[in-house]
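Peer 1: coords please:
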Amino acid sequence: MIITVVHWWPIAILAAALLTDAILMIRPPKFIRECLSGVNFPKEWAWCLIVIKFLGTAGLIAGIWLPGVAFATSVAVVAYFLCGVAAHFKAHNARGQAFTTCLFMLALSIFALASLLVF
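Peer 2: Numbering: from 1, shown residues only. A predicted model of the protein is given here:
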């Protein structure tokens, strides 16, 4: 069982990246708008992604002091970005800056999760 978060910094880095992503989604720049339209995501539902990212950030920050929360939130964030990658493949949009960013966030999420299990 995970008792303490020995290395808090991978969780903090993921939280900062997810928070930045959520803030950018409030008034999305061109590459985010292109990403959402590229995977055929409805504009009316974009607010859901913002809420999910803010809740993920809150869970990761709380997880610095509550390791079980860090683990659960990290698993959820990995699942979120796996769904994002799958959406890109399904829409035949697995190229460009948006897809690369999604892959980077997935890798960062996996690293943060692994840091809870390995270190």
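Peer 1: Now Arg95. Its backbone dihedrals?
Peer 2: The phi/psi pair for Arg95 (degrees, to the nearest 10) reads phi -160, psi 170.
Peer 1: Run a quick neighbour tally on it.
Peer 2: 10 (other Cβ atoms under 10 Å). Where you see a C-beta, it was placed from the backbone N, CA and C, and this is true even at glycine.
Peer 1: got it, and Pro28?
Peer 2: Around Pro28 there are 16 other residues, counting by other Cβ under 10 Å.
Peer 1: Would you mind pulling the contact partners of the one helix or strand Gly68 maps to?
Peer 2: Assigned by DSSP states H and E, Gly68 belongs to helix 67-90. Helix 67-90 is contacted by residues 2-5, 11, 14, 18, 38-39, 41, 52, 56, 59-60, 62-64, 94, 98-99, 102-103, 105-106, 109-110, 112-113, 116 when judged by Cβ atoms under 8 Å, 6 or more residues apart in numbering.
Peer 1: Please point out which parts of stretch 22-34 sit buried.
Peer 2: Residues of stretch 22-34 classed as buried by neighbour count (16 or more other Cβ atoms under 10 Å): 22, 25, 28, 32.
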